[in-house]
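Visitor: what shape does this take:
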Amino acid sequence: MSDPLSHLRDRLAPIHDLNASAAVLEWDQETYLPPAAHSARANQVATLRTLAHQMLTSKETAQAVADALPLLSDLEARDDDQSIFDAGLIRETARDFEYAQKLSPDFVSRQATAIGLAKEAWRHARNTDDFDHYAPHLETIVALNRELADLLGYTEHPYDALLDQFEPGATTAQLQQVFGDLRERLVPIVQTLSEREQPGLGAVTGDFLHQAQWDLGMKVLTDIGFDLSRGRQDASTHPFSTTFDRTDVRITTRVDPHYFPSAFSSTMHEAGHGMYEQGVDPRTARTPLAEGTSLGMHESQSRLWENLVGRSRPFWSHYWPQTQVAFPDALSGVTLDDFYAAMNHVAPSPIRVDADEVTYNLHIMLRMELEIALIEGTLAVADLPRAWNDAMENYLGIRPATNAEGVLQDVHWSLGTIGYFPTYALGNLMSAMLWDACDRDLTPAHGSLDEQMARGEFGPLLDWMRTHVHRWGRAKSADRILRDATGGPLTAEPWLAYIARKYDV
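Guide: Modelled structure (predicted):
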């Protein structure tokens, strides 16, 4: 018989393959699937997810985990690279096994089927501004998440169990405290900026040809380090990223021919996710470690590349000549100052993915508030559009004109991922912490990150992230990665300092 760790890896490999195969089908559903095939695809995905779940919860897997667990304490005490990966494999597999044991194959199948149908219902509802078409599917998703919370168990609040899927260890009370404090300091900043004379969006609106946007996005994608030999970009209704293996990472974007930031920011955002997945250590292949350690840490990468890089003046000073060539008509008479100001225009707006980096966190707080109410049962799905619009007015001072730009704008609930949204705001805070640490480490040898971007050099930044964040996958927790890389725990101070410095508030 092989040693316990080898046996555990052998047991996990086909489970990973089944889930990766389901992910391929889900990616295809979002990009190329014929419209009439969604019901069949939901069944196909449900079958694969159910088989993977059955293998994970089998007595054979239970025995493999039990055989490996006695090795854990010694591995954790060693703390060298290989021991960290081996300990992480045992720890995270045990966590996944315990989690999966709480879910019956029937629940997994019902959940996968409901998600498959809800995604198409959401797409139709968003395109037609018809919330009533989507509402029954969302009711099913909410009911399944309440059931999921009960199955997983919680001490204080059912939302805790849902949060823990995406940000292990996070609780509703903790996030309400963190976000409450952040909101208290952020709302006055938004108000101050809103009262200033704004440059407007004219420099980034107009006739930005679809193909030219795509070509520029692909050029920058490769420049910053997304490996097209191990990934690709396609179009989808809602930008997303997915990974089948570190050698096969897919990202998507959506192009608005009249608004430049939509596609470009989406490409940068999803590239951040994709480069994280491409950067995990090969030792994690076909195991639960072969992905980001938490969704907050994942969002730290997407938000870092989208905002701290892709909205910075040094970045655009480098790419400005190429951008002018790509869009000679749309940018006729536009200066770099005009363009940079428009890319960083701050004003409350209804669409989260198009929101500026200052108001973005308020969009997240709004969604978390509504999710908690849905799970508590204090808000009915039928009342969600009104509650959404009221919350939007409360948080941002605006009301969406349609449900398509309101409650129907995000795909996440149709994916069943209630508890996911808070990780976007956590990622913002983490991104600034990691940026400051990286800038401190790289400046002596390479110059500041601003100086590197002005030269079009992104390799040192990506290499630093790969060394301190990406390569670990789930072998290290988000808290440990953050402490090891930055020297301290999560704090909002670097992000608030970045906003204050950039926008002079």
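Visitor: what is the burial count for residue 432?
Guide: When neighbours are defined as other CB atoms under 10 Å, residue 432 has 24 of them. Quick note: C-beta positions are derived from backbone N, CA and C, even for glycine.
Visitor: SS state for it?
Guide: The assignment at residue 432 comes out as helix when based on DSSP: H, G, I helix; E, B strand; the rest coil.
Visitor: got the contact list for it?
Guide: Contacts for residue 432 (CB atoms under 8 Å, 6 or more residues apart in numbering) come out as 308, 494, 495, 497, 498.
Visitor: run a quick neighbour tally on the fourth one.
Guide: Yep, that's residue 497 we're talking about. Under the neighbour criterion other CB under 10 Å, residue 497 is assigned a count of 12.
Visitor: swap in the second one?
Guide: Residue 494 sits with 19 neighbouring residues when counted by other CB under 10 Å.
Visitor: okay, it: pLDDT?
Guide: Residue 494 carries a pLDDT score of 95 in this model.
Visitor: look up phi and psi at it.
Guide: For residue 494, the backbone dihedrals (degrees, to the nearest 10) come out as phi -60, psi -40.
Visitor: then the last one?
Guide: Comment: the main-chain dihedrals of residue 498 come out as phi -60, psi -50, following degrees, to the nearest 10.
Visitor: so what's it closest to, chain neighbours aside?
Guide: Taking CB to CB, 6 or more residues apart in numbering, and ignoring the residues beside it in sequence, residue 498 has residue 432 as its nearest neighbour in space, at 4.9 Å.
Visitor: again, but for residue 49
Guide: Of all residues apart from its sequence neighbours, residue 112 sits closest to residue 49 (CB to CB, 6+ apart), at 4.5 Å.
Visitor: also residue 51?
Guide: Once its chain neighbours are removed from consideration, residue 51 has its nearest residue in residue 18; the separation is 5.5 Å (CB to CB, 6+ apart).
Visitor: run a quick neighbour tally on the one you found.
Guide: Number of residues near residue 18 (other CB under 10 Å) recorded here: 20.
Visitor: now swap in residue 362 and tell me
Guide: Residue 362 is flanked by 25 other residues according to other CB under 10 Å.
Visitor: which of the helices or strands spans residue 12?
Guide: Using DSSP states H and E, the element containing residue 12 is helix 4-31.
Visitor: if you count contacts, what does that helix end up packed against?
Guide: Other elements packing on helix 4-31 under the criterion 3 or more CB pairs under 8 Å, 6 or more residues apart in numbering; DSSP states H and E are helix 38-56, helix 59-68, helix 81-101, helix 105-128, strand 241-245, strand 248-253.
Visitor: how about these, which one is nearest residue 441?
Guide: The stretch from the helices and strands packed on helix 4-31 with the least distance to residue 441 (CB to CB) is helix 81-101; that distance is 18.9 Å.
Visitor: for that closest one, which outside residues touch it?
Guide: Helix 81-101 has contacts (CB under 8 Å, 6+ apart) with 5, 8-9, 12, 53, 56-57, 61-62, 65, 68-69, 71-72, 75-76, 152, 168, 281, 283-284, 287-289, 472-476.
Visitor: buried ones in stretch 240-249?
Guide: Using 16 or more other CB atoms under 10 Å as the burial criterion, the residues of stretch 240-249 that qualify are 240, 241, 242, 243, 244, 245, 246, 248, 249.
Visitor: for the residues you listed, could you give me a markdown table that also reports pLDDT?
Guide: Below are the buried residues of stretch 240-249 laid out as a markdown table (pLDDT from 0 to 100):
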| residue | pLDDT |
| --- | --- |
| 240 | 91 |
| 241 | 95 |
| 242 | 95 |
| 243 | 96 |
| 244 | 95 |
| 245 | 96 |
| 246 | 96 |
| 248 | 97 |
| 249 | 97 |
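Visitor: ok, and for stretch 466-486, which residues are buried?
Guide: Neighbour-count burial for stretch 466-486, counted by 16+ other CB under 10 Å, picks out 466, 468-479, 481-482, 485-486.
Visitor: do the same with stretch 497-505
Guide: Applying a neighbour-count criterion of 16+ other CB under 10 Å, one finds 498, 499, 502, 503, 505 buried in stretch 497-505.
Visitor: list the contacts of it.
Guide: The contact list for stretch 497-505, computed with CB under 8 Å, 6+ apart, reads 189, 192, 193, 308, 344, 346, 357, 358, 432, 435.
Visitor: list the contacts of the last one.
Guide: Right, residue 435. If you count contacts by CB under 8 Å, 6+ apart, then residue 435 has 304, 308, 449, 494, 498 around it.
Visitor: what is the most widely separated pair among the residues you listed?
Guide: Taking CB to CB, the two most distant members of the contacts of residue 435 are 449 and 494; they sit 13.5 Å apart.
Visitor: which residues touch the residue nearest to residue 51?
Guide: Contacts here follow CB under 8 Å, 6+ apart; on that basis residue 18 touches 48, 49, 51, 52, 55.
Visitor: what does residue 12 give?
Guide: 61, 93, 286, 287, 288.
Visitor: do that again at 6 Å, thanks
Guide: Contacts for residue 12 were tallied using CB atoms under 6 Å, 6 or more residues apart in numbering; they are residue 287.
Visitor: next secondary structure after the helix or strand bottoming out on mean pLDDT in the chain?
Guide: One helix or strand of the chain scores below all others by mean pLDDT, DSSP states H and E: helix 172-195, with a mean of 90. With elements assigned by DSSP H and E, the helix or strand that comes after helix 172-195 is helix 210-224.
Visitor: count of neighbours near the nearest residue to residue 221 once chain neighbours are set aside?
Guide: Computed as CB to CB, 6+ apart, the closest residue to residue 221 that is not its neighbour in sequence is residue 271, at 5.6 Å. Look at residue 271: counted by other CB under 10 Å, it has 30 neighbours.
Visitor: residue 271: what secondary structure?
Guide: In terms of secondary structure, residue 271 is helix; the call rests on three-state DSSP.
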